[in-house]
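K.L.:
Here is my input; please provide its structure:
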Amino acid sequence: MFRIRQDHLRDHLPDRHALIRCLTRLGRGALTALFPDKCLVCGAYIRCLHDLAPVSDNLEALFESTLARVVCSKCLEQGFTPVLPPLCTCCGKPFLSRAGENHLCFDCIKAAQTGRFMVGRARAFAAHDLLLRDLVHLFKYGKKICLARPLGRLMFHAFMRHFACSAIDLVLPVPLHTRRLRQRGFNQAYLLVRDFPSMWKQAVKHPPGWTISNTILLRSRNTPSQTGFDRKNRLKNLRGAFTVRGTEKIEGRRILLIDDVFTTGATSGEAALTLFKAGALSVDLLVLARA
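P.N.:
Residues are numbered from 1 along each chain as shown. So this is what the prediction gives:
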C-alpha cells in the first residue's frame, strides 16, 4: 500500500526540470519588477519575461525573442532583413529576384576573371540595415558588450543553417591590431563567436569537432579604419595586414573566419590569402550582417 502511494505521488509530482524552469522564470520576473531593464536603443523600460530562443526556422520569432531582454517592443518593430536564398554561392549576396536557385553573382564572376582573391563561401544572418545596423553600432562603438550574447545567438543560427554539416577544423575571429584592441577594449568578432561551443552542445548534444582560437591569425599592421574607403582603397589599405602565428596549426586545416559585418570582402579576402599562404585547405566566412 505504501509503495502504491509512493508510485502515485511520483507520477503526479511535477517534472524536476520544469519546476526549476518555473522557479527561474518567477525569480527573473521578480528581479525585472524590482530592477526593470532599459532598451539599449531608446532607453524605455522593458517589460519582458522571454527566455532565450532555441535555434528556430522562424527568423522573425527568433529575432524578437532573442533581443527581447535588451530592446523594447516598439524598437523591435523596426525589424531586420534576413538574408535568404537565392544567394550568390560565393559571397552570399541575396538576389533581388526570389525565384531561381543559388548561383554566382556578376561581381564574383568578375573577381574570378581578374584574379581577385576571395573566401570560398561567405554567409550572413541578415542585412546590415534597420534595427540590426543600430545594434551592431551600439555593440561595436558604444561598448554595449551585453549585446554580444544575443547577437551571437543570431549569428549561431546562420552557422547552423550554412555550416553545421560542413567540415571545419578551426574557427578564427578576424583580429584587431593590439593598439586598436587596447582602444576598444574587446574584439567584437571574438565576442560574437565565444559562446558557439556551448550553443552547439545545447543544440546537438555533443562537443563540436572544431575549436576557436584568437591567437593564430594576427593583425600585423595597424591599418586606418576602412570606413569611407571604396573597394580599391580598402584592398590597398589591408595589403599585408595579417600574419599567422604557427603555420603548423594552419597547414591542411579547414578554416571558418568570423567577423561582424561584410562590406566589400576586402578584409576577409586579405585574411584568407594569408591563411592560404600558411597552408590552409579552405577558408570560408560567417558574419552577423552584410552591407
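K.L.:
Please, which helix or strand holds the residue nearest the centre of the chain?
P.N.:
In the chain, the residue lying closest to the centroid (CA atoms, centre = their mean) is residue 155, at 2.9 Å. Element membership for residue 155, per DSSP states H and E: helix 148-162.
K.L.:
ok so, going back, leaving out chain neighbours, which residue sits closest to the residue nearest to the centre of the chain?
P.N.:
Excluding the flanking residues, the one nearest residue 155 by CB to CB, 6 or more residues apart in numbering is residue 288, at 4.7 Å. (Each C-beta comes from the backbone N, C-alpha and C, glycine too.)
K.L.:
mind listing what's buried in the host helix or strand of the one you found?
P.N.:
Residue 288 is part of strand 282-290, with elements assigned from DSSP H and E. Going by neighbour count (16 or more other CB atoms under 10 Å), the buried part of strand 282-290 is 282-290.
K.L.:
same check, this time on stretch 188-203
P.N.:
For stretch 188-203, using 16+ other CB under 10 Å, the buried residues are 188-196, 199-200.
K.L.:
Please enumerate the helices of this structure.
P.N.:
2-12, 16-34, 59-67, 73-76, 106-114, 130-140, 148-162, 178-184, 188-193, 196-204, 231-238, 266-277 (DSSP state H).
K.L.:
neighbours of the nearest residue to residue 186 once chain neighbours are set aside, just the number please.
P.N.:
In space, and not counting its chain neighbours, residue 186 is closest to residue 145: 6.3 Å by CB to CB, 6+ apart. Neighbour count of residue 145, defined by other CB atoms under 10 Å: 12.
K.L.:
which residues does residue 145 contact?
P.N.:
Counting by CB atoms under 8 Å, 6 or more residues apart in numbering, residue 145 touches 139, 186, 191.
K.L.:
Let me know whether the first one touches residue 148 as I believe.
P.N.:
What it means is residue 139. Yes. Contact criterion CB atoms under 8 Å: residue 139 and residue 148 qualify, at 6.8 Å.
K.L.:
what's the overlap in contacts for these two?
P.N.:
residue 188.
K.L.:
These two: which is more packed in?
P.N.:
Set residue 139 next to residue 148 and count neighbours by other CB under 10 Å: residue 139 wins out with 23 against 18.
K.L.:
Next one: the closest residue to residue 215 other than its chain neighbours relative to residue 219, how far apart?
P.N.:
In this structure, residue 215 finds its nearest non-sequential neighbour in residue 245, 6.5 Å apart by CB to CB, 6+ apart. To residue 219, residue 245 is 11 Å away according to CB to CB, to the nearest Å.
K.L.:
Any buried residues in stretch 241-257, and which?
P.N.:
241-242, 244, 249-250, 253-257.
K.L.:
And for stretch 161-177?
P.N.:
For stretch 161-177, using 16+ other CB under 10 Å, the buried residues are 162-163, 168-176.
K.L.:
re earlier: how about the contacts made by the residue nearest to residue 215?
P.N.:
Residue 245 neighbours (CB under 8 Å, 6+ apart): 215-218.
K.L.:
Filter the residues you listed down to the buried ones.
P.N.:
Here, 16+ other CB under 10 Å leaves 216-218 buried among these.
K.L.:
Dump those residues to JSON lines, plus distance to residue 127.
P.N.:
Putting the buried ones among the contacts of residue 245 into JSON lines (distance: CB to CB, whole Å) gives the following:
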{"residue": "216", "distance to residue 127": "30"}
{"residue": "217", "distance to residue 127": "26"}
{"residue": "218", "distance to residue 127": "30"}
